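Participant: Sequence plus predicted model, see below.
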Amino acid sequence: MNAFFVIVRRDVTLSLRRASDTISVVLFFVLAIVLFPLGIGPELNVLSRIAAGTIWVVALLAAMLSLDRLFQVDADEGGLDLLLLAPLPLEAVVLAKCLAHWLVTGVPLILSAPILSVLLNMSLKGFPVMVLAMALATPILSLIGAVGAALTVGARRGGVLVSLLVLPLLTPVLILGASAVDLALAGLNAGPLLMLLGAMLLIAVVLCPWAAAAGLRLTIE
Amino acid sequence: MLSENHAPMAQNNPMVLRLSKAILEGRDLALWRGERLLFEGLGFTVDPGGALLLRGRNGSGKTSLLRLIAGLIPPTSGVVLWRGVSILDHEFFRRDLHYVGHRDAVKPLLTVAENVHFWSNLRGGTGTTAALDHFGLQEIADLPARFLSAGQRRRVGLARLLSSPGTLWLLDEPVAGLDEESVEALLVAIREHRASGGVVVACTHGELALENVQNLSLQEI
């Protein structure tokens, strides 16, 4: 367990020291959202109608930005070999790296989403569900993203490939997340959708580290 | 564990040497990489305190054999035994193993001390300070690793060996880029490691002045 948190701490430290990478994810999120009212026009009804969906789509794309570096940097430096040989299961290593990735990309996305929804004239009713659904969905992005990142270690233009692999797998998250917020905005019960998101998170926590670890073992050979 | 305790005696007494049980053994190893057969029918035994030097020209499969012994790539046929058990089934093999690859696994954004400390911590070691001292890194311990020269990075990689316990050292071209003083420091470290029953497997195409060493030549097939 100690070794697990040693990895989490190192990866978070690294991300904070290379702040430009971390900030670029949030910055992309903010800029893309800000562009929508400019492109669509200041019609408030239209903006509040598309608010939830827009924020979810952009958050998904923003999270993609940082995924290709998840294992590639370690692989280039030779550290991946040593992580494979570390005295803890590779699945635990993957989970630790996902947790670190979520802490530096997922959490800032969750925190900035409510502020941005104000820009899109989203009603306050949707805020709690928005934050809750984001909190459930962003770890899924990191976990499923890790599978894509593991499979594309060593591939040229890995970034594009990761997005192609991972985005189709993330459509259920997008649909459930955006619908949950829409339901809340309409004054309906978003609970079932949140529970489905929670179930997806549990499945991802169990399955994704294994899949990513298998992918890493293949690429290292 | 018994064989490890008897190691110093085994080194001095040829009778004991013959009776002592090999700690590391390779049996009938063969490895195909892509369309190419790197080696086949390869076998070796190393006793506690022993050293095995892999020799061969560039591309003869030294690094592949080293990675095979580490368990990073599976052999096409044959088996590697550690303390009599296949490394793939061995519960504690990775705890016993130190691998120094040709890439140093040094994070440019971490300081020298942080780099060594991370790998040490991951394996539950406590010897970072002693390791930095041994390889003359104490003065640059707080320097971010991105400012290091190639030789200094190599020393950081080697310092991992001393920062946490491990009976088997696998060294890939360990003296590449090192100055004379550092080579001497490495040889001292290897001597002490072997005196306490440790095993060293190194590959080199140059000279590595080790005593009582077995040579294993890899021919191009």
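Facilitator: Here it is on my side, so go on.
Participant: Strands of chain B, residue ranges please.
Facilitator: B:24-33, B:36-46, B:51-55, B:77-82, B:85-86, B:97-100, B:168-172, B:199-203, B:213-217 (DSSP state E).
Participant: List the residues that contact the residue in chain B positioned nearest to chain A.
Facilitator: The minimum distance from chain B to chain A, using C-beta to the nearest C-beta, falls at residue B:103 (2.8 Å). C-beta here means a position set from N, CA and C on the backbone, and glycine is covered the same way. By C-beta atoms under 8 Å, 6 or more residues apart in numbering or on different chains, the residues touching residue B:103 are A:76-78, A:81.
Participant: sorry, back to before: out of the strands of chain B, which comes closest to residue A:62?
Facilitator: Comparing the strands of chain B by their distance to residue A:62 (C-beta to C-beta), the top pick is strand B:97-100, with 36.6 Å.
Participant: so what strands line up beside that closest one?
Facilitator: Take DSSP bridges as the rule and strand B:97-100 pairs in its sheet with strand B:168-172 (parallel).
Participant: what's in contact with the strand it pairs with?
Facilitator: B:23-24, B:62-63, B:66, B:69-70, B:82, B:96-102, B:161, B:190, B:193, B:198-203.
Participant: Among these, name the buried ones.
Facilitator: With burial judged by 16 or more other C-beta atoms under 10 Å in any protein chain shown, the buried subset of the contacts of strand B:168-172 is B:23-24, B:62-63, B:66, B:69-70, B:82, B:96-101, B:161, B:190, B:193, B:198-203.
Participant: list the contacts for residue 61?
Facilitator: In the absence of a named chain, chain A is used. Counted by C-beta under 8 Å, 6+ apart, residue A:61 has contacts A:28, A:32.
Participant: that's the wrong chain, I wanted chain B
Facilitator: Per C-beta under 8 Å, 6+ apart, neighbours of residue B:61: B:31, B:33, B:38-39, B:218.
Participant: do that again at 6 Å, thanks
Facilitator: B:38-39, B:218 (C-beta atoms under 6 Å, 6 or more residues apart in numbering or on different chains).
Participant: Compute the number of surrounding residues for the residue nearest to residue B:28 when sequence neighbours are not counted.
Facilitator: Spatial nearest neighbour of residue B:28, chain neighbours left out: residue B:78 (4.3 Å); criterion: C-beta to C-beta, 6 or more residues apart in numbering or on different chains. If you count neighbours by other C-beta atoms under 10 Å in any protein chain shown, residue B:78 ends up with 18.
Participant: Go ahead and confirm residue B:78 touches residue B:25.
Facilitator: No: using C-beta atoms under 6 Å, residue B:78 is not in contact with residue B:25; the gap is 10.5 Å.
Participant: buried sites along the longest helix belonging to chain A?
Facilitator: Ranked by residue count, the top helix of chain A under DSSP state H comes out as helix A:191-220. Within helix A:191-220, the residues that count as buried by 16+ other C-beta under 10 Å are A:193-194, A:196-198, A:200-201, A:204, A:208-209, A:211-216, A:219-220.
Participant: Packing partners of that helix?
Facilitator: Counting contacts by 3 or more C-beta pairs under 6 Å, 6 or more residues apart in numbering or on different chains; DSSP states H and E, helix A:191-220 packs against helix A:90-101, helix A:127-151, helix A:158-185.
Participant: need the residues of chain B near chain A, please.
Facilitator: Selection of chain B residues close to chain A by C-beta under 6 Å from any C-beta of the partner chain yields B:73, B:94-95, B:97, B:99, B:101, B:103, B:105, B:109, B:118, B:121-123.
Participant: of all those, which comes closest to residue A:101?
Facilitator: Among the residues of chain B next to chain A, residue B:109 lies closest to residue A:101 (C-beta to C-beta), at 16.2 Å.
Participant: which residue packs closest to the closest one, ignoring adjacent ones?
Facilitator: Nearest non-adjacent residue to residue B:109, counting by C-beta to C-beta, 6+ apart: residue A:17, 4.5 Å away.
Participant: Count the residues that sit near the one you found.
Facilitator: 14.
Participant: ditto for residue B:89
Facilitator: Residues near residue B:89, counting by other C-beta under 10 Å: 10.
Participant: Show the pLDDT at it.
Facilitator: Looking at residue B:89, its pLDDT is 81.
Participant: Near chain B, which residues of chain A are found?
Facilitator: So far as C-beta under 6 Å from any C-beta goes, chain A lies against chain B at A:3, A:6, A:10, A:14, A:17, A:77-79, A:81-82, A:85-87, A:221.
Participant: What is the nearest of the residues you listed to chain B?
Facilitator: residue A:78 (2.8 Å).
Participant: ok, the closest one - how many residues close by?
Facilitator: Residue A:78 has 18 neighbours, counted by other C-beta under 10 Å.
Participant: give the contact list for it.
Facilitator: So residue A:78 contacts B:101, B:103, B:105 (C-beta under 6 Å, 6+ apart).
Participant: If you drop the residues flanking it in sequence, what lies closest to residue A:158?
Facilitator: Beyond its immediate neighbours in the sequence, the residue positioned closest to residue A:158 (C-beta to C-beta, 6+ apart) is residue A:152, lying 4.1 Å away.
Participant: Quick check on the one you found: phi, psi?
Facilitator: Per-residue torsions, residue A:152: phi -110, psi 10 (degrees, to the nearest 10).
Participant: Provide a list of residue ranges in the chain with pLDDT below threshold.
Facilitator: Because you didn't say which chain, this covers chain A. A:1 (pLDDT under 70).
Participant: That was the other one, I meant chain B.
Facilitator: For chain B, the ranges with pLDDT under 70 are B:1-20, B:220-221.
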